[in-house]
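Peer 1: Below: sequence and its predicted model.
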Amino acid sequence: MSRNNRGTGYGNRHKPIVLIIGSTGTVGRHLASQLRRQADAIHVRDASRHADQVQQWRKTGRDAVYIDLDQPSTFPVALVNVDRLFLLITYTVSMLTQKKTLVDAAKKAGVSHIVHLDISAEWDSTVPHYTWHQLIE
């Protein structure tokens, strides 16, 4: 079965699955809420590094997956059948590795569209904080 025609288990026709990294944060929570209003066209999958949060979401009927950005072994299950990825990661020393390994895994899994919310600066910025982010862009 080709990727574009695969079944998702969420109905007969394929709705794009959007995995939201950052579902518990201000932006991710709002985005998930807005996308759920388009349930006829989009399937939202929430992600959290907190297993208890994932279980709570599942009890309410939401598609939710555990993902730990410091453990790339958790990426494949979270990315199953995902078409689109929203990526918002807290600013930490580990963010470069987390973003790079997740984007690589998403590409390998066949994710066709990634939205990465971050900061930006001029291409020739010498401010370390900004250049770190540009490495992922």
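Peer 2: Perfect, thanks for sending it.
Peer 1: what about stretch 16-29, how long is it end to end?
Peer 2: Length of stretch 16-29, first residue to last, CA to CA, to the nearest Å: 19 Å.
Peer 1: who touches that stretch?
Peer 2: The contact list for stretch 16-29 (CB atoms under 8 Å, 6 or more residues apart in numbering) reads 8, 10, 31-32, 35, 41-48, 50, 53, 63-65, 67, 69, 78-79, 81-90, 102, 111, 117. For the C-beta atoms, the positions are set from N, CA and C on the backbone; glycine is no exception.
Peer 1: try 7 Å this time
Peer 2: With contacts defined as CB atoms under 7 Å, 6 or more residues apart in numbering, stretch 16-29 is touched by 8, 31-32, 35, 42-48, 53, 78-79, 81-89, 117.
Peer 1: Buried among those? Need that as a selection in PyMOL.
Peer 2: Here is the PyMOL command that selects the buried residues among the contacts of stretch 16-29 (16 or more other CB atoms under 10 Å):
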select buried, resi 8+31+32+35+42+43+44+45+46+47+48+53+78+79+81+82+83+84+85+86+87+88+89
